[in-house]
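J.: Sequence first, predicted model second:
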Amino acid sequence: MAEILTVDARGLACPQPVLETKRVLDQSADSLFQVLVDNVTARENVSRFARNQGCDVEVRDGGSGWFEINIRRGAADSSATEQEELLACPITDTPAKVKNVVYIGNNCMGRGDDDLGAKLMRGFLRTLIDSPPLPWRVILINAGVKLTTIDDEAVDAISMLQEKGAEILSCGTCLQHFKLEEKLRVGKATNMFEVIESFNNADKVISPD
């Protein structure tokens with residue numbers, strides 16, 4: 001029997017479990033997968049979201065406060081299903097969001113070999129996804145805009161950062177220079193005023209170069 005894809009969303013703050021469920025539905029071809037959550041709000045919202053997408057949902061109490069949600073896609077017609085409202089995320093006393101800006105001025109990381117630099121940059125972006133705190137903004141300048149346009153692997157990684165809540169800003173002048181305005185695939189074009197505003201309001205500016 002094939003192993004079922006499992007998304008472990010335990011410990012993730014609302015609405016992240018729903019976003020992780022959406023990511024699997026959007027990106028995976030698996031007809032059956034399961035989501036693990038550790039609170040009632042997440043259990044209800046993941047279940048309701050999946051049913052709203054036309055999926056069949058079965059919930060199992062795993063004990064010790066966590067739940068296993070088995071989701072089978074395509075079991076129902078979502079257009080004919082009455083949409084269920086998701087529960088509001090509980091208010092928690094969490095610290096203010098850290099405003100870290102990641103500034104990327106090239107499509108390569110380091111200097112010496114561009115092929116190696118491109119691999120390192122993709123690795124940096126993939127690692128950034130699961131390395132808290134999540135960036136407030138990712139700013140791409142000069143050849144860095146190639147990462148949001150023509151580099152498929154980088155676009156996928158940056159799209160996941162955006163899904164998690166990071167704001168993606170690509171230099172509009174740079175997009176025009178490289179004739180990539182119509183190829184922007186993630187985030188939005190920005191200008192120098194917004195770049196400077198980001199730096200002035202950032203708690204920290206991080207650059208992989």
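T.: Right, received. Where do you want to start?
J.: any idea where the helices of the chain begin and end?
T.: With DSSP state H as the definition, the chain shows helices at residue ranges 16-27, 40-52, 114-129, 152-163, 172-177, 192-201.
J.: Please identify the most buried of these.
T.: Most buried of these by mean neighbour count (mean count of other Cβ atoms under 10 Å) is helix 40-52; its value is a mean of 21. (Glycine included, C-beta is placed from N, CA and C.)
J.: Now do that helix, average pLDDT.
T.: The average pLDDT for helix 40-52 rounds to 94.
J.: which other residues reach that helix?
T.: 9, 12, 14-15, 17-18, 21-22, 25, 35, 37, 57, 59, 67, 69, 71, 76, 78, 81, 83-87, 89-90 (Cβ atoms under 8 Å, 6 or more residues apart in numbering).
J.: Could you pick out the buried ones from those residues?
T.: If you count burial by 16 or more other Cβ atoms under 10 Å, the buried members of the contacts of helix 40-52 come out as 9, 12, 14-15, 17-18, 21-22, 25, 35, 37, 57, 59, 67, 69, 71, 76, 86.
J.: hey, what's residue 37 bridged with?
T.: Beta bridges link residue 37 to residue 67, judged by DSSP bridges.
J.: Can you verify my assumption that it contacts residue 66?
T.: Yes. Taking contacts as Cβ atoms under 8 Å, residue 37 lies within contact range of residue 66: 6.6 Å.
J.: Spell out which residues are contacts of both of those two.
T.: By Cβ under 8 Å, 6+ apart, the residues touching both residue 37 and residue 66 are residue 10.
J.: hang on, residue 149 packs against residue 155?
T.: Yes. Residue 149 is within contact range of residue 155, at 7.5 Å (criterion: Cβ under 8 Å).
J.: would CSV of the helices of the chain with distance to residue 99 be doable?
T.: Below are the helices of the chain laid out as CSV (distance: least, Cβ to Cβ, whole Å):
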stretch, distance to residue 99
helix 16-27, 19
helix 40-52, 26
helix 114-129, 15
helix 152-163, 15
helix 172-177, 22
helix 192-201, 6
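J.: Let me know which of those is the nearest to residue 141.
T.: Nearest to residue 141, of all the helices of the chain, is helix 172-177, at 6.0 Å by Cβ to Cβ.
J.: centre of the chain versus the closest one, how much separation?
T.: Here the centre of helix 172-177 is set off from its chain's centre by 25 Å, with Cα atoms, centre = their mean, to the nearest Å.
J.: and if you look at stretch 4-20?
T.: Centre-to-centre, stretch 4-20 and its host chain are 12 Å apart (Cα atoms, centre = their mean).
J.: any residues touching it, and which ones?
T.: Counting by Cβ under 8 Å, 6+ apart, 21, 24, 28, 30, 32-38, 41-42, 45-46, 49, 66, 70, 86, 89-90, 92, 94, 163-164 sit against stretch 4-20.
J.: All good on my end, thank you.
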